[in-house]
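*Asks:* I'll drop the sequence and a predicted model, then ask my questions.
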Amino acid sequence: MALTDIAVKSSKPKQKAYKLSDSNGLYLFISPAGGKLWRYDFAINKTRKTLALGKYPLMTLLEAREAHLQARKNIAAGIDPSNLKKQAKADSEVNNANTFELWANQWLGHWRVDKATRHVDIISKRLATNVLPVLGAMPILNITAVDIANVMRGIAGRGALDVATSAYQTISQIFRYAIANDKTARITRNPATDIKPSDIIQSRPVVNQARVDIKDLPVLLRAIDTSETRAVTRIAIKLMALTFVRTSELIGAEWQEIDLEAKQWRITAERMKMKSPHIVPLASQALELLTTLKEQTGWSKFLFPHQHDPKKTMSNNTILQALKRMGYQGKMTGHGFRGIASTALHEQGYTHEHIELQLAHAPRNAVSAAYNHALYLQPRTVMMQQWADYLDELKAGAKVLPFKQA
């Protein structure tokens, strides 16, 4: 007679192993230790074999019958179900070893080749901190859009919306790389394409970098001069006002980029947002600051080394904290000098192309990059000196709002 759920459940171990038969070779094997295993005795190609189907109660009577039926169908088709099981086990082992972290590390090594060191460090740290703890050990074939969405929700829940979007982009790039480089051709789709960041992350209004009005600039410039912050930090802020480079470009500056004789600061392509070299003409006021700074940090690779770790650069927060102590919290940032300069220079009639090139806003491509970075260098040099003179006049309190002839 066929087995029943009650018979299976109530079966007890005996001094010797025994079995309870169901039908067509399916039976429950009960060991003296109490283990209950579903097995199927069958013959194929005149060879007797036993197929282990699963353990009870993890596999119920109904599930054992379904697995038994599938095995019988395979045998009828001339397929050995024990070979299928071995292949499935081998595939599972390969799948489990084929983790997301394995592909993430391969992608990182491929992707980082032509990227700025600072950018690589940021992406590597975000990957290690936000993504790998969740997805790293998972077989890449098992990862779904739901798993990716959960990673993003976890990051967004901390308020780091930009980081959540960046994580999504990195995950998607890793999947694309895996699809392109998987020699087994098992990885065939990118689950990140099933969702978009906007499906998970609520957009927020764009907030421009805080900056004072031009009319308030004289007070700020005098506040910088009288500030009790470190001399190196004061010089950093003054150079931002004179050169209006991005904060990351300033704090990452290296002495090898500065040519005092040529009166130029040549920033390498890898450190620029637009990924092309950039020339900053240095006004006499900037040269004087750099000469003073050289006496204080010339021993370092960086113009602005970290106060406690010379292998690192000054933190962006250093400038923000200095402005905060001056009373400009929420009113001014280092980046704000770029907006002030752009507004003032445009209002005074300087050529738009010259201003945009000096701000390093102009789009660059691989062909034009080497040319554009030095384009209009002579008029830009004049403009930068006139800007520096204008700042001096404002700080001195002279009522000179117009520039010299632009």
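*Replies:* Yep, it's here. Numbers count the residues shown, from 1 in each chain.

*Asks:* C-alpha only now, for contacts and for neighbours.
*Replies:* Will do.

*Asks:* quick one: Leu20 is in a strand?
*Replies:* Yes: Leu20: assigned to a strand according to DSSP: H, G, I helix; E, B strand; the rest coil.

*Asks:* ok, now which ones touch it?
*Replies:* Going by C-alpha atoms under 8 Å, 6 or more residues apart in numbering, Leu20 touches Leu3, Tyr27, Leu28, Phe29, Ile30.

*Asks:* Now for the residue nearest to His352 when sequence neighbours are not counted, how many residues are close by?
*Replies:* Nearest residue to His352 in three dimensions, chain neighbours excluded: His346, at 6.8 Å (C-alpha to C-alpha, 6 or more residues apart in numbering). Neighbour count for His346, taken as other C-alpha atoms under 10 Å: 12.

*Asks:* sorry, back to before: of the contacts of Leu20, closest to Asp41?
*Replies:* Tyr27 (8.4 Å; C-alpha to C-alpha).

*Asks:* per-residue pLDDT, Arg325?
*Replies:* For Arg325, the model assigns a pLDDT of 92.

*Asks:* and the next element down the chain from the helix or strand of the chain with the lowest mean pLDDT?
*Replies:* Lowest on mean pLDDT, DSSP states H and E among the helices and strands of the chain sits helix 369-372, with a mean of 49. Using DSSP states H and E, the next helix or strand after helix 369-372 towards the C-terminus is helix 377-396.

*Asks:* Buried residues of that next one, list them for me.
*Replies:* Buried residues in helix 377-396, counted by 16 or more other C-alpha atoms under 10 Å: 377, 380-381, 383-395.

*Asks:* same thing with stretch 296-315?
*Replies:* Thr297, Gly298, Ser300, Lys301, Phe302, Leu303, Phe304, Pro305, His306, Thr313, Met314, Ser315.

*Asks:* How about stretch 33-49?
*Replies:* Neighbour-count burial for stretch 33-49, with 16+ other C-alpha under 10 Å as criterion, is recorded at Lys36, Leu37, Trp38, Arg39, Tyr40, Phe42.

*Asks:* Geometric centre of the chain: which residue is closest?
*Replies:* Ile123 (3.4 Å; C-alpha atoms, centre = their mean).

*Asks:* which helices and strands does the helix or strand containing the residue nearest to His352 pack with?
*Replies:* Using DSSP H and E, His346 falls within helix 336-347. Helices and strands touching helix 336-347, by 3 or more C-alpha pairs under 8 Å, 6 or more residues apart in numbering; DSSP states H and E, are helix 231-243, helix 352-358.

*Asks:* other SSEs contacting the first one?
*Replies:* Read it as helix 231-243. Helix 231-243 packs on helix 217-226, helix 247-251, helix 284-297, helix 316-325, helix 336-347, helix 377-396, going by 3+ C-alpha pairs under 8 Å, 6+ apart.

*Asks:* Provide a list of residue ranges in the stretch 151-300 of the chain with pLDDT below threshold.
*Replies:* Across the stretch 151-300 of the chain, the ranges flagged by pLDDT under 70 are 203-209.
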